[in-house]
Every structure is written in structure tokens, then in C-alpha cells.
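J.: Output the structure for:
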Amino acid sequence: MEKIARQRIIGEKMMISKVFLDRGCIVPTHQHENEQFACIMSGALKFGLGAEGSAERREVVVKAGEVLHLPPNVPHSAEALEDTVVLDMFS
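T.: I've put the predicted structure just below:
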């Protein structure tokens, strides 16, 4: 994907991914069976949570020093509001 770079450590039951997103980078809506914690190290991400077009869909901005928990199978997207570094942890 454009405007994004990753460094990953993959274990047996867990993955840690350091993600560098340039301002304006958009991660399309997706979901996965993994539980995820997104720890914003710098910058800010706007997450879309829930299925596209559903009444339950909402947006939340997560800034440096904050953490977003994403339970398994929750559809989500992200947009970098600034140059951002996020540490994603998946299990």
C-alpha cells in the first residue's frame, strides 16, 4: 500500500507490527479473527468501526499515547490524520 511501511515480529500466537503511516494514508475497511490493540506512538488515526453503511458504524480519533482495542471480527478502517507511528499487537 502507498504511504505505509511496516516492521513485524511474528510469533506462534502473537504478532507485533510497527506501522508508519504518512498523513492521508487510508487503510480500507477489513476484519480479522485476531484481537488487536493499536497503540499510537505519535500522530493520530481516525478509525471507522463497524460495517460500512451500517447504523452501528462510528468513528473515533486515537492520538499519541492512546490505545484502541479491537475485538476479533470487528470491521474497521483507518485514516492517518498526521504522519503516524502505531504499534499494533495481534493475538
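
J.: Within the sheet, what are the partner strands of the host helix or strand of Gln7, with directions?
T.: Applying DSSP states H and E as the criterion places Gln7 in strand 4-10. According to DSSP bridges, strand 4-10 forms sheet pairs with strand 15-21 (antiparallel).

J.: Next, the buried residues of the partner strand.
T.: Ser17, Val19, Phe20, Leu21 (16 or more other C-beta atoms under 10 Å). C-beta: built from backbone N, CA, C; applies to glycine.

J.: if we can go back for a sec, run the chain-centre distance for the strand holding Gln7.
T.: With C-alpha atoms, centre = their mean, to the nearest Å as the basis, strand 4-10 stands 13 Å off its chain's centre.

J.: Confirm for me that Leu87 is in contact with Cys39.
T.: Yes: the criterion here is C-beta atoms under 8 Å, and Leu87 meets it with Cys39 at 4.4 Å.

J.: For His32, give me its contacts.
T.: By C-beta atoms under 8 Å, 6 or more residues apart in numbering, His32 lies in contact with Pro72, Asn73, Phe90.
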